[in-house]
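Enquirer: Here is my input, please return the structure:
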Amino acid sequence: QVQLVESGGGLVQAGGSLTLSCAASGRTFNTYAMGWFRQAPGKEREFVAAISWSGGSTYYTDSVKGRFTISRDNAKNTVYLQMNSLKPEDTANYYCAASLLGYTGAYYTRAAEYDYWGQGTQVTVSS
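Expert: A predicted model of the protein is given here:
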């Protein structure tokens, strides 16, 4: 069983920055592919960013490319999402997720490919 705990959300003005963290329990974190998803009120959960177990491969949804950076520190069992140039449309509850398929070395973009989820952290961007 893997437990994921997100932190770092909050209220920020448009153009500002936030860094989300996701701390994972367990001794095999370095075999999981990790991802960040978000869900705004009244909308479906959407993919934001993903990273392979090694950190060598990353992928972003088009709307955050060039603004968000996903990274991981396997020694600390933690994955990060650095968010710059935030926009009001980035307002959502942000979730991290872990995929047991990570041993393949790939990253994953679909929610169904993830096995464990955190409880979420709220990000609100004011205009």
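
Enquirer: Listing request: residues of the chain with sub-threshold pLDDT.
Expert: Along the chain, no part satisfies pLDDT under 70.

Enquirer: residues contacting residue 110?
Expert: Residues in contact with residue 110, defined by Cβ atoms under 8 Å, 6 or more residues apart in numbering, are residue 47. All C-beta spots, glycine's among them, are computed from the backbone N, C-alpha and C.

Enquirer: Find the nearest non-adjacent residue to the most centrally placed residue in the chain, please.
Expert: Ranked by distance to the mean C-alpha position of the chain (Cα atoms, centre = their mean), the top residue is residue 36 at 2.3 Å. Distance criterion Cβ to Cβ, 6 or more residues apart in numbering; nearest residue to residue 36, sequence neighbours excluded, is residue 48 at 4.4 Å.

Enquirer: if we can go back for a sec, now the residue nearest to the centre of the chain: how far from residue 43?
Expert: Per Cβ to Cβ, to the nearest Å, residue 36 is found 16 Å from residue 43.

Enquirer: ranges for the strands of the protein?
Expert: Using DSSP state E, the strands of the chain run over residues 4-7, 10-13, 18-24, 33-39, 46-51, 58-60, 68-73, 78-83, 92-99, 116-117, 121-126.

Enquirer: Any idea which of the ones you listed gets closest to residue 105?
Expert: Nearest to residue 105 among the strands of the chain is strand 33-39 (8.5 Å), distances taken as Cβ to Cβ.
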